[in-house]
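Need a 3D model of the sequence below.
(2 chains)
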Amino acid sequence: MTAASHEVSEHHDEHESTGVENRKLAMWAFLSSEFLFFGALITNYLLYSSRTFEQGPTPAEIYDIPFTSVSSFVLLMSSLTMVLAHNALSRGDQGATRTWLLATAMLGSVFLAGQVFEFTEFITVQGMTMQTNPAASAFFVLTGFHGTHVAIGVIMLLSLFGLSKRMGGLTDKRFLNLELVGLYWHFVDIIWIVIFTVVYLLTAVPGAGG
Amino acid sequence: MTTTTARTTTIFRRPRSETGFWSWITTVDHKKIGIMYGYTAFIFFVIGGVEALLLRIHLASAESTFLTAADYNGLFTTHAVTMIFLVVMPMSAAFMNYLLPLMIGARDVAFPRLNALSYWVFLFGGIFLYSGLIFSSVVPPLGVTPGVTGNLDPSDARSFFGLPDGGWFMYQPNAGPAFSPGRALDFAVLGLQILGIASLLSSVNFIVTFFNLRAKGMRLLRVPVFIWMTLVVAFLLLFSLPIIAIALFMVIFDRQFGTLFFDATAGGDPILWQHLFWLFGHPEVYILILPAMGIVSEIIPVFSRKPLFGYAAVVFAGAGIAFLGFGVWAHHMFASGISTVAQVGFGLTTVAIAIPTGVKIFNWMATLWLGRIRLATPMLFALGFLTMFTIGGLSGVTHAVVPSDWQQHDTYYIVAHFHYVLFGGSILGIFGGLYYWFPKFSGRMLDERLGKIHFWLWMLGFNMTFAPMHWLGLQGMIRRTWRYDPSLEFWNRIVSVGAFIIALGLLVFMWNFYRSKRRGPLAGMDPWDARTLEWSIPNPTPVFNFAEVPVVHGLDEFWHQKYGEDKDGRPVRKDDADSTLTRLQEIGTNPPNPVHLPSPSYFPILMAAGLPLIAYGIIFHLSLFGKALIVVGALLSLAALIGWGSEPLEEAHMEPAHA
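This is a model prediction of the structure:
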């Protein structure tokens, strides 16, 4: 935190202020909006997951819970490596920061690869596309939007990694950049915990799937 | 700090123009951005007004053939979308942009370039929405061949404009792929999506500005009511926009990529759309009215020469309206077959929301009470707001009574209600604000005589237009039909004449604006004997706002610099008030210390330009051209983002680094 606080006090210490840096406050505001974005998507899915349709299968019938558990675990671990990167930077250890950033991006990419595999499996093997029934539409759009968020996070992590090599490392101003990416990344993770619990575990039909 | 810019590699040389065309394209100054919001919204106001006049010409007789049915549908849809998203919201944004930093004693908003991005995204979103006129086509619903199947006459199905025709609410599946084929609605859906991005960026920006950039001593309960309403609206946008974003994504996926969210034949649920839409749509009506309430809360105290009665109550009432505003959405759906429990519940919350609204109205009235009232034009508009909005609010309460609402649903009674709150409320408030703050941005005064003519033409025209709609609706005249029972023709004629009187009033305003902007009397310092910080600096506002960042000691800071109190609590002008003003004028034009301002930038407009390209690409995604457009748009925005990130907010100054 110490490295960042210089930056904080630079412009606005004479003002009435929350003391939270502008960009960090903006990120919190944006993320609060994102909660409603995913809230609406998850609600859509839950509405349709309890209904039956002429056209099958529905996502709940074909979930591969063991597989998704593993990819969820991978994404959760990426939050740990993100914290380690943050920690390393607040110690001033540039080398370790780079390592953990790269590890976070890698774990995120593994999760995305898992999602690509899952989608391909559902579409080609199980015959469920987003045009099959409203539950399938809701599933693909929800998890697709989450995957997009993860992908954007991976790009931000890699940009940070790239920046850390140039222009004297991730000091001062860029410490905040890492904090912001961290906030976003943890948010994407938290949303996935909700999706995995509510959308996968609670609606899965026992004994089904492959 | 000094060395960083030399190393950054930007695509363009940093723009430097301070006047002329490029200064507007590259500006990050909240005042210029506010002015651009204002002019753009005004142009859309004229367009939306012309659409309304076309509708009223058509409706002047019961069996009119002036418009085809398809064009009638297109025009009432576009009129609503324009007035809500391209007029009232950006007009409010114009005031927020211009005044937020000035009223809290700041030099700019927290993120000046993000602010510019919001404007350009809004502008391109609006242009995109209207570009459907060129690229779109209205196709009859699936399975309907005009003249062969269905009851549609071929000549009625013909469309001259090709406007989106599903209503601003775009109920599904009517506005879905099966019943509204053709591209017109895609332009509306994606256009709204782009406009939503603009509003979201603004709301984040305003929230941070409010919380972090207030001048020293400007504690939360010293912030002017208009700025409080800006904050409340920002939170409303922040929490309601993601919901409509999802709903619009679902529609666009249904229309373009074959998902089945709202396809009733495949098990999709049309009521889901109504819930999502109104969960956004009802907070949206408070997004439209709260800024006008804020404006009126600034005008009434100044022209009553009294502090706002119950300042804190007005602020909390605004927040209360916003909070309750998320719990009333289903009162739009009493006729959609929702459960009795839901009907009772939403009926009660709808009654409850009248309470904070009533608190505000009584506080404004108490401010007028025993005030030394000056009936200048801004005050006339504020009083017009107070009376007309109250009528609209009262007819709104009648919708909370469920059985009564069943009678009124989809009739002209509803049209009367929401025009009383949106025109009689938002638009009158906004024009009051225009008359009040015109000297602030132009340095000149609007003509009072023409202003009063404008006001009385509007009061006459407005009530002629919308009052008869109450009884037309109660007599059973249905909304959104282009034919009606000939027995209702008389009052419809009155309504149509009223609409033209409103148009006449607007022409008077435009003439007044044009003339006063060039030759109006100079305003000098403090033309209205005002109370808030924005008037403590010269008119028009200098580019740096405050030569010296003010220190605030209480509510209505500027007033207390000019006025003390006698022993009965009556305001007495201080002996040195005039010399205070002269001093402020002098300091305000010649800052004692050099002021550093954020530098202009090309990147906001470039980044915004990518979005409509992506949207065109989605509409034409089946062709290679469409796919290419998506890639080009995304790359353009990305390149601008990289340029943005590698360019510092301010050019380096030759001064020792701080920190």
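
quick one: contacts for A:Ser69?
Listed by C-beta atoms under 8 Å, 6 or more residues apart in numbering or on different chains, the contact set of A:Ser69 reads A:Phe196. Any C-beta I mention is one placed from the backbone N, CA and C, and that applies to glycine too.

Three-state assignment for B:Ser61, please.
coil (DSSP: H, G, I helix; E, B strand; the rest coil).

give me phi/psi at it?
phi -130, psi 150 (degrees, to the nearest 10).

what does the one 4 residues further on give?
B:Thr65 adopts backbone torsions of phi -120, psi 20, taken as degrees, to the nearest 10.

Could you list the low-confidence segments of chain A?
A:1-16, A:166-174, A:206-210 (pLDDT under 70).

Geometric centre of it: which residue is closest?
A:Val188 (2.5 Å; C-alpha atoms, centre = their mean).

so how far is A:Ile195 from that residue?
Counting by C-beta to C-beta, to the nearest Å, the separation of A:Val188 from A:Ile195 is 10 Å.

list residues touching both of these two?
A:His146.

same for the top helix by length along chain A, what does it pack against?
If you go by DSSP state H, chain A has its longest helix at helix A:134-165. Helices and strands touching helix A:134-165, by 3 or more C-beta pairs under 8 Å, 6 or more residues apart in numbering or on different chains; DSSP states H and E, are helix A:22-49, helix A:59-62, helix A:94-120, helix A:173-194, helix B:225-257.

before we move on, back to that, hang on, the residue nearest to the centre of chain A packs against A:Gly153?
Yes. The criterion here is C-beta atoms under 8 Å, and A:Val188 meets it with A:Gly153 at 5.4 Å.

low-scoring pLDDT stretches of chain B, where are they?
Looking along chain B with the criterion set at pLDDT under 70, you get B:1-13, B:16-17, B:136-154, B:651-659.

Next, the angle helix A:134-165 makes with the longest helix seen in it.
When chain B is parsed with DSSP H, its longest helix is helix B:270-304. Between helix B:270-304 and helix A:134-165, the angle comes out at 60 degrees (axes from the mean of the first three to the mean of the last three C-alpha atoms, to 10 degrees).

Same question for helix B:270-304: list its buried residues.
For helix B:270-304, burial by neighbour count (16 or more other C-beta atoms under 10 Å in any protein chain shown) applies to B:270, B:272-304.

which ones among the residues you listed come in contact with chain A?
With C-beta under 8 Å from any C-beta of the partner chain as the criterion, the buried residues of helix B:270-304 include B:272, B:276 near chain A.

Leaving out sequence neighbours, find the closest residue to A:His186.
A:Ser79 (5.6 Å; C-beta to C-beta, 6 or more residues apart in numbering or on different chains).

Same question for B:Thr82.
Per C-beta to C-beta, 6+ apart, closest to B:Thr82 is B:Gly48, 3.7 Å.

how close does that neighbour get to chain A?
To chain A, B:Gly48 is 28 Å away according to C-beta to the nearest C-beta, to the nearest Å.

From the contact counts, what lies against the host helix or strand of that residue?
Assigned by DSSP states H and E, B:Gly48 belongs to helix B:30-59. For helix B:30-59, the elements it packs on are helix B:21-25, helix B:69-81, helix B:89-104, helix B:112-135, helix B:428-442, helix B:489-519, judged by 3+ C-beta pairs under 8 Å, 6+ apart.

before we move on, back to that, quick check: buried residues in the host helix or strand of the residue nearest to A:His186?
Secondary-structure element containing A:Ser79, defined by DSSP H and E: helix A:65-90. Going by neighbour count (16+ other C-beta under 10 Å), the buried part of helix A:65-90 is A:68, A:71-72, A:74-75, A:77-79, A:81-82, A:84-86, A:88-90.

quick one, what contacts B:Val46?
B:Leu506.

Quickly note the distance from the residue nearest the centre of chain B to B:Ser202.
The centre of chain B sits closest to B:Met89, judged by C-alpha atoms, centre = their mean, with a distance of 1.3 Å. As for B:Met89, its distance to B:Ser202 is 10 Å (criterion: C-beta to C-beta).
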